[in-house]
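Participant: Pasting the sequence and the predicted coordinates here, then a few questions.
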Amino acid sequence: MATDRFFVDTNLFLRYLTNDIPEQAESIEMILRRAMDGEITLATNNLVIAEIVWTLESYYHLARQDIQSKVIAILNTPGLMIEHHDIILQAILWYVEKNVEYIDAYNVAWLLNQDIHTAYTFDRRHFNRFKEIEVTVPGERR
């Protein structure tokens, strides 16, 4: 039996994860329960996850470990389909482990997933933390 599919936007996850507006958090919990029960299918994407990380950092000022645990909880939500799930998981692990910006970690996870092992970037500081890739800075002599 096919279930109805619904996109879940960033603000819903933020309301639920922070519980800063309890009435909204409760209504989202009901949606998540419906997905867990198989009544509906929820879907989101990597940009939503990136926005969640950015907002939890910049607005809520949460520690990286707290952000990581919240993103992993999202990734493990039954009934929620997430585009590039494995890349996001690797990125959020590296975000803490290598102390790099989430977007940089995501980009490295993505390029390795694509079997790309060299990156052009001016951000040598973060990208050099990944031994799996070679960093090439445009205009710099080797």
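Facilitator: Arrived safely, thanks for sending.

Participant: Let's verify residue 5: helix, strand, or coil?
Facilitator: strand (DSSP: H, G, I helix; E, B strand; the rest coil).

Participant: Wait, it touches residue 43, no?
Facilitator: Yes. Contact criterion CB atoms under 8 Å: residue 5 and residue 43 qualify, at 5.8 Å. Using the backbone N, CA and C atoms, a C-beta is placed for each residue, glycine as well.

Participant: and the helix or strand bottoming out on mean pLDDT in the chain, what other elements does it pack with?
Facilitator: When each helix and strand of the chain is scored by mean pLDDT, DSSP states H and E, helix 124-127 comes last, with a mean of 88. Applying 3 or more CB pairs under 8 Å, 6 or more residues apart in numbering; DSSP states H and E, we find helix 124-127 packed against helix 102-113.

Participant: can you pull the buried residues of the helix it packs on?
Facilitator: Neighbour-count burial for helix 102-113, counted by 16 or more other CB atoms under 10 Å, picks out 102, 104, 105, 106, 107, 108, 109, 110, 111.

Participant: isn't residue 25 right up against residue 12?
Facilitator: No. In this structure, residue 25 is not within contact of residue 12 by CB under 8 Å, at 9.4 Å.

Participant: low-scoring stretches of the chain, by residue?
Facilitator: Low-confidence segments of the chain (pLDDT under 70): 1-2, 142.

Participant: For it, which segments count as helices?
Facilitator: 10-18, 22-36, 46-58, 64-75, 85-97, 102-113, 124-127 (DSSP state H).

Participant: Quick one, which of those gets closest to residue 141.
Facilitator: Smallest distance to residue 141 across those (CB to CB): 13.9 Å, for helix 124-127.

Participant: Buried residues in the closest one, which are they?
Facilitator: Buried, per 16+ other CB under 10 Å, within helix 124-127: 126, 127.

Participant: can you pull the contacts of residue 105?
Facilitator: Listed by CB atoms under 8 Å, 6 or more residues apart in numbering, the contact partners of residue 105 are 90, 91, 92, 94, 95, 98.
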